[in-house]
Each structure stands twice: as structure tokens, then as C-alpha cells.
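Engineer: need coordinates for the following:
(one chain, ligands or ions: 1)
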Amino acid sequence: MHKTRLYIAGAFVAPQAQGYFPAIDPATEAPFAEVAAGQAADIDRAVRAAREAFDTGIWSELSGTSRAAMLRLVAQGLRARLAEIAALEVRDNGKPLPEAEWDVGDAAFAFDYYADLAEARDSDPEEPVDVGDARFAATIRREPLGVVAAITPWNFPLLMAVWKVAPALAAGCTIVLKPSELCSLSCEVLAQIIHAAGIPPGVFNLVTGTGPEAGQPLADHPLIDKVAFTGSVATGRKVMMAAAAGIRTVALELGGKSPFVIFADCDLDKAVEWILFGIFWNKGEVCSATSRVLVERSLYPALLARLQQATEAIPIGAGSMPGVKLGPIVSQGQYDKICAAIAAGKASGARLVTGGDRPEGLTRGYFLRPTIFADVPTDSALWREEIFGPVVCVNPFDTEAEAVAEANDSAYGLAGAVMSDDLQRCERVARKLRAGIIWVNCSQPTFTQLPWGGVKASGIGRELGRAGFEAYFETKQITRFDSRQTWGWYLGRDA
Ligand code: NDP
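Structural biologist: Just a heads-up that it's a prediction; the model follows:
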């Protein structure tokens with residue numbers, strides 16, 4: 001069985017304590033690899049390697065063009081090994097193969113995209129600023145902010161890592177990546193590709209391991225300059241507290257309970273298609289999943305009937321099987337959490353329309369039928385809390401104002417979607433929804449060029465797009481006094 005290795009200071013190494021834990025295939029419940037259990041000592045070595053690599057300038061002081069050349073090699077490496085990585089991701093996470101292939105393609109594109117931005121920065125390193133006094137020449141420089149700790153989740157194991165690694169490396173930062181213990185394998189391949197691309201030792205480091213044993217020491221490490229985290233609110237809070245203790249920059253991407261507002265004038269089949277994609281792609285293990293659907297009352301009965309029919313027709317099975325659109329839940333723990341949320345939902349008085357149990361014939365693996373609840377009490381956990389699985393809540397509304405108020409009545413604010421044939425209404429609602437990402441007449445399409453992140457409990461900061469590049473820089477002003485001039489405050493002009 002394959003035993004993974006850590007990647008520290010340019011070398012693939014075993015964890016110091018020689019500990020391993022199994023990687024489990026969620027479709028079979030069988031272990032298929034042994035994952036290196038890095039601990040505080042490994043984290044310390046990795047952070048020191050990243051610190052040294054940053055401080056010596058072997059990466060940060062290269063031109064953007066030189067960094068870009070290596071990042072493009074990483075993109076090529078990902079494309080060359082796309083089939084292998086996608087198959088690994090399916091085995092580790094359970095997602096359908098075509099979705100895993102999208103992830104790897106997007107990851108490769110992100111390296112190319114940030115390579116372009118790194119290169120462009122070379123021609124624009126400093127911005128001159130007129131300070132209104134001719135004796136001064138001032139500029140603003142953007143400099144790589146230093147050593148980044150990236151802590152990432154299991155739902156898009158490679159892609160969530162790349163959303164941090166690609167812009168951080170493009171900016172000139174060095175990085176220590178700690179992926180989720182549930183899905184670490186594709187990040188080991190990423191390390192191999194980065195190594196083969198010739199990125200200098202210490203610039204990128206990978207330490208796999210559990211949250212408490214590897215994640216927490218990484219978040220706590222005093223030599224880190226920024227922690228970039230994606231995951232749950234509870235863990236995000238711990239990471240933020242660790243960052244607060246060290247007065248370090250923190251970026252948090254924490255998920256949500258995103259609304260999808262459907263008006264009665266839209267095409268029923270198109271609405272159903274996007275509702276399905278909004279909640280069931282990637283098994284609903286998606287931070288931006290539109291898990292609360294609000295439907296204008298006149299369309300509500302017809303929409304529920306069509307949605308039920310389409311949901312019951314979704315092919316369920318191992319992600320590697322052709323035609324499957326819903327794979328197994330990532331782990332026994334997540335499966336149990338979702339089942340508990342469904343049980344609590346039933347007890348809350350919500351109406352279970354379909355799903356909520358194991359599909360017939362799939363006795364092994366963490367399989368769950370896609371689940372629809374209707375008429376959900378809006379004060380229930382089912383309506384308000386993130387489930388992170390294939391469970392959608394559908395409620396009716398009467399007026400646009402009511403829909404917007406209900407959509408915004410959430411602790412979260414990551415995403416939102418609106419669907420109507422009246423585009424002016426779509427624009428109005430898009431502006432009123434309090435979230436970082438809004439989709440009009442669709443839900444979920446995600447582009448590397450656009451900023452990604454939320455408001456309220458959905459997090460702090462933005463990834464992707466230009467904002468996701470700028471997030472790895474510090475701003476420095478350089479103010480130059482003309483030495484031919486005299487300041488003359490203490491010594492006087494004639495002194
Ligand atoms: P976590 O927030 O616990 O995990 C995210 C990352 O943080 C993982 O790498 C995890 O490691 C790590 N971690 C865990 N504890 C610590 C710690 N004390 N210090 C530093 N890092 C830590 O999410 P879970 O995987 O447990 O999922 C729980 C819930 O979080 C889900 O049900 C879902 O609601 C939400 N979630 C949201 C995501 C999003 O994209 N916004 C993604 C994943 C989950 P390890 O996995 O090894 O424990």
C-alpha cells in the first residue's frame with residue numbers, strides 16, 4: 001500500500017514520529033493508502049524551511065517573469081497527470097470522475113493565471129504618488145508578505161490548496177500546506193509536480209496530518225506571517241485566535257447556507273437544473289451550495305414535483321462509475337453528521353419530500369439519497385445551519401421584498417442566486433443580497449478570474465481573481481527626501 005511522504009525543504013521525507021493513518025475510499029470503506037501523520041516537529045521543520053527560503057530571497061527576489069516560468073511548468077505538470085490525479089481524488093473524496101477532472105483542469109489554469117499576474121507585476125512594481133511637496137518623491141511598493149500557512153479542507157482537496165498555493169507562490173511568498181487528513185493524496189502529487197518544476201527547496205512545503213496535531217501547531221507557529229484557511233466556522237475561529245495571539249494576517253473561507261431565489265416567471269426545467277447543480281454537485285460538499293431555495297408561491301407546487309422527480313433520477317454510485325452524478329459522502333463522520341441533521345430536520349416539522357436514507361442496493365460505502373425538505377420552519381437548524389451534504393430546503397415566498405429579507409436572514413453570507421426572466425428584477429435582487437458571490441439565472445459556475453469569499457460568518461478576505469493575488473502582498477511606502485534640500489526644523493535653514 002502506498003505510504004505518502006511529507007515534502008520539506010525540497011525533500012520527500014517520512015514524518016519524524018513515523019506515524020501513519022489510513023486513507024479510506026468512501027465508496028468501499030476500504031483503506032487504500034497510508035498517510036504520513038505529521039506533527040508539531042514536522043511543522044516546525046517545514047516552517048523554518050519556508051522562513052529561510054523567504055528570508056534569503058531565493059524566491060521573493062526573483063523577477064515575476066522567472067517565477068511565472070516555473071508556475072507554468074506546474075500547470076503543465078498538472079495537465080500531464082490530470083487523469084491520474086482525478087482518479088486519486090475520486091478514490092479519496094468520492095466525487096464523480098468528471099467533477100474531479102474539472103478540479104484538476106481548474107487547478108492547472110490557476111497556475112497559468114497567477115503566472116500572468118506575476119509577470120505583469122514586473123512592469124509595474126512601484127506606484128508613484130504626488131504628496132503635494134516637491135521636495136519628496138514617494139512610491140508605493142507591493143512586496144510579498146512572507147511565509148504563508150495554508151490549511152485546507154477535504155471537499156476540493158487539490159483545488160482548495162491551489163487557490164492558496166498558486167497566488168502565494170506567484171506573489172513571491174513561501175508556503176507550508178496542511179491539507180485535510182481525510183483527503184491528502186492529491187496534494188502529495190502537487191508537491192511532486194512543484195518539485196519537478198524546479199521551484200527552489202523550502203519555497204513550497206507539505207505536511208499532512210490531523211487538525212490538532214499538524215493544523216494547530218501550524219496556525220500557532222510564530223514564524224508564520226499569514227494563515228489562509230478554508231473550512232468550518234468552529235475551526236476558523238481557532239485559527240483566527242491563533243493568528244490574533246501572534247498578530248498575524250488571517251484569511252478565512254468558512255462556508256454558508258446560501259439562498260437561491262426563484263421567481264415564477266422562469267422556465268421550470270431551467271430552474272430545476274440549476275437547483276440540482278446548486279446543491280447536488282460534489283455531493284453538496286460545497287461551501288457555496290445553494291442549500292436554501294425560495295420559490296415564488298405560484299410556482300411552488302409544480303417546482304417541487306419536478307424537482308422531486310429529477311432528484312430521484314440522479315444516478316448514485318462510486319465516483320469512478322461512468323454516468324454517476326452523486327458519489328458517496330467523504331467519510332463516516334460526515335455521513336453521520338448529515339444523517340443527524342436529517343433526523344433533526346424531520347423532528348423540526350419540515351416535510352421530507354424525498355431521500356434522507358441509504359439508496360437501495362448500495363450496502364457498503366457512505367451513500368446517501370439526495371434529499372429534499374419542503375415547508376421548513378425558518379427557525380430550525382435545518383434551515384439555518386450548514387449541512388455540507390446533498391440536502392436542500394425549499395420554501396415558498398409571496399413578494400420580492402419577503403424573498404430578499406428571508407434570503408438575507410442568515411448568519412452566513414458566502415453566496416446567493418436569483419432566477420427570473422425579468423433581468424431588471426434579477427439585478428435588483430443581486431444588489432440586495434448580502435453575500436460575496438451572486439449568481440443570476442444559474443448557481444455555482446466559478447471562474448478563477450473572479451474574487452471568491454464571503455461576508456458575515458462566511459469569512460474574511462477574498463481568494464481568486466486579482467484580489468486573491470493582492471492578498472499575498474504587503475504594502476510598503478518609500479518616501480524620499482531630496483538631499484539637496486534642507487529640512488531646517490531643529491537646525492534651521494542657515495545652520
Ligand atoms: P474543519 O474546519 O475542521 O477542517 C478544515 C481544515 O482545518 C482541515 O485541514 C483540518 O484538518 C484543519 N483543522 C482542524 N482542526 C484544526 C485546528 N485546531 N487548527 C488548525 N487546523 C485545524 O472542517 P471538517 O473537515 O471537520 O468539516 C466540518 C464542517 O466544516 C463540515 O461539515 C462543513 O460544514 C464545514 N466545512 C466547510 C468547508 C468550506 O469549504 N467552507 C470545507 C470543509 C468543511 P483535519 O481535516 O485533518 O482535521
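
Engineer: where does the stretch 1-150 of the chain dip in pLDDT?
Structural biologist: Along the stretch 1-150 of the chain, the model assigns pLDDT under 70 to no residue.

Engineer: just the strands in it please.
Structural biologist: 2-3, 6-8, 11-13, 20-25, 30-36, 126-129, 136-144, 147-151 (DSSP state E, counting those that start in this stretch).

Engineer: okay, those strands, which one's buried deepest?
Structural biologist: For those, the largest average neighbour count (mean count of other Cβ atoms under 10 Å) is found in strand 147-151, namely a mean of 28. Just so you know, the C-beta spots here come from the backbone N, C-alpha and C atoms, and that holds for glycine as well.

Engineer: what lines up beside that strand in the sheet?
Structural biologist: Using DSSP bridges, the strands paired with strand 147-151 are strand 174-178 (parallel), strand 226-230 (parallel).

Engineer: would you list those in TSV and tack on mean pLDDT?
Structural biologist: Formatted as TSV, the strands paired with strand 147-151 follow (pLDDT from 0 to 100):
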stretch	mean pLDDT
strand 174-178	98
strand 226-230	98
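
Engineer: buried residues in stretch 63-73?
Structural biologist: Residues Gly64, Arg67, Ala68, Ala69, Met70, Leu71, Arg72, Leu73 are the ones in stretch 63-73 that count as buried (16 or more other Cβ atoms under 10 Å).

Engineer: do the same with stretch 218-230
Structural biologist: By neighbour count with 16+ other Cβ under 10 Å, stretch 218-230 contains the buried residues Leu218, Ala219, Asp220, His221, Leu223, Ile224, Asp225, Lys226, Val227, Ala228, Phe229, Thr230.

Engineer: now, which of these sits nearest Ala150?
Structural biologist: Closest approach between those and Ala150, by Cβ to Cβ: Ala228, at 5.0 Å.

Engineer: what about Ser320, distance to the ligand?
Structural biologist: 22 Å (Cβ to the nearest ligand atom, to the nearest Å).

Engineer: surely that residue touches Asp92?
Structural biologist: No. Here Ser320 lies out of contact with Asp92, judged by Cβ atoms under 8 Å, at a distance of 11.7 Å.

Engineer: keep the buried residues of stretch 218-230, but drop any that are not near the ligand.
Structural biologist: Among those, the residues within reach of the ligand (Cβ under 6 Å from any ligand atom) are Ala219, Thr230.

Engineer: how about the helices of the stretch 51-200 of the chain, start to end?
Structural biologist: Assigned by DSSP state H, counting those that start in this stretch, the helices in the stretch 51-200 of the chain fall at 64-80, 82-93, 97-122, 157-171, 185-196.

Engineer: what angle do strand 174-178 and the fourth one make with each other?
Structural biologist: For helix 157-171 against strand 174-178, the angle by axes from the mean of the first three to the mean of the last three Cα atoms, to 10 degrees is 170 degrees.

Engineer: also the third one?
Structural biologist: When the same axes, to 10 degrees is applied, the directions of helix 97-122 and strand 174-178 differ by 160 degrees.

Engineer: on the pLDDT front, check the closest residue to Glu385 other than its chain neighbours for me.
Structural biologist: Spatial nearest neighbour of Glu385, chain neighbours left out: Lys257 (6.6 Å); criterion: Cβ to Cβ, 6 or more residues apart in numbering. At Lys257, the pLDDT value in this model is 98.

Engineer: now Lys257: how far from Gln334?
Structural biologist: 17 Å (Cβ to Cβ, to the nearest Å).

Engineer: contacting residues around the residue most central in space within the chain?
Structural biologist: The centre of the chain sits closest to Met160, judged by Cα atoms, centre = their mean, with a distance of 4.3 Å. Residues in contact with Met160, defined by Cβ atoms under 8 Å, 6 or more residues apart in numbering, are Thr152, Pro153, Thr230.

Engineer: so the second one is in contact with Phe229, correct?
Structural biologist: It stands for Pro153. No. Pro153 is beyond contact range of Phe229, at 9.0 Å (criterion: Cβ under 8 Å).

Engineer: now the closest residue to the ligand within the stretch 351-495 of the chain, nearest residue through space, not along the chain?
Structural biologist: In the stretch 351-495 of the chain, the residue that lies nearest the ligand is Phe388 (3.6 Å; Cβ to the nearest ligand atom). Excluding its sequence neighbours, the residue lying closest to Phe388 (Cβ to Cβ, 6+ apart) is Glu285, at 5.5 Å.

Engineer: contact partners for the residue nearest to the residue nearest to the centre of the chain when sequence neighbours are not counted?
Structural biologist: Of all residues beyond its chain neighbours, the one nearest Met160 is Thr152 (4.4 Å), with distances taken as Cβ to Cβ, 6+ apart. Residues near Thr152 by Cβ under 8 Å, 6+ apart: Met160, Ala161, Lys164, Leu177, Lys178, Pro179, Ser180, Cys187, Phe229, Thr230, Gly231.

Engineer: tell me the phi and psi of Thr152?
Structural biologist: For Thr152, the backbone dihedrals (degrees, to the nearest 10) come out as phi -130, psi 160.

Engineer: what about the nearest residue to Gly10 once chain neighbours are set aside, how many residues nearby?
Structural biologist: Leaving aside its chain neighbours, Gly10 sits nearest to Pro201 (2.6 Å; criterion: Cβ to Cβ, 6+ apart). The tally of other residues near Pro201 (other Cβ atoms under 10 Å) stands at 16.

Engineer: these two touch, right, Pro201 and Ala11?
Structural biologist: Yes. Distance between Pro201 and Ala11: 7.4 Å, which falls inside the contact criterion (Cβ under 8 Å).

Engineer: who does whichever residue of the stretch 1-150 of the chain sits closest to the ligand form a beta bridge with?
Structural biologist: Checking the stretch 1-150 of the chain residue by residue against the ligand with Cβ to the nearest ligand atom singles out Ala149 as nearest, at 8.9 Å. Beta-bridge pairing for Ala149 (DSSP bridges): Val176, Val227.

Engineer: contact partners for the nearest residue to Pro153 once chain neighbours are set aside?
Structural biologist: Among residues not flanking Pro153 along the chain, Gly231 sits closest, at 4.6 Å (Cβ to Cβ, 6+ apart). By Cβ under 8 Å, 6+ apart, the residues touching Gly231 are Ile151, Thr152, Pro153, Ser180, Glu253, Leu254, Gly255.

Engineer: go ahead and confirm Ile58 touches Pro200.
Structural biologist: Yes. Counting by Cβ under 8 Å, Ile58 touches Pro200, with 4.7 Å between them.

Engineer: ok so, going back, the residue nearest to Gly10 and the ligand, how far apart?
Structural biologist: 24 Å.

Engineer: gap between that residue and Gly327?
Structural biologist: Pro201 is 37 Å from Gly327, by Cβ to Cβ.
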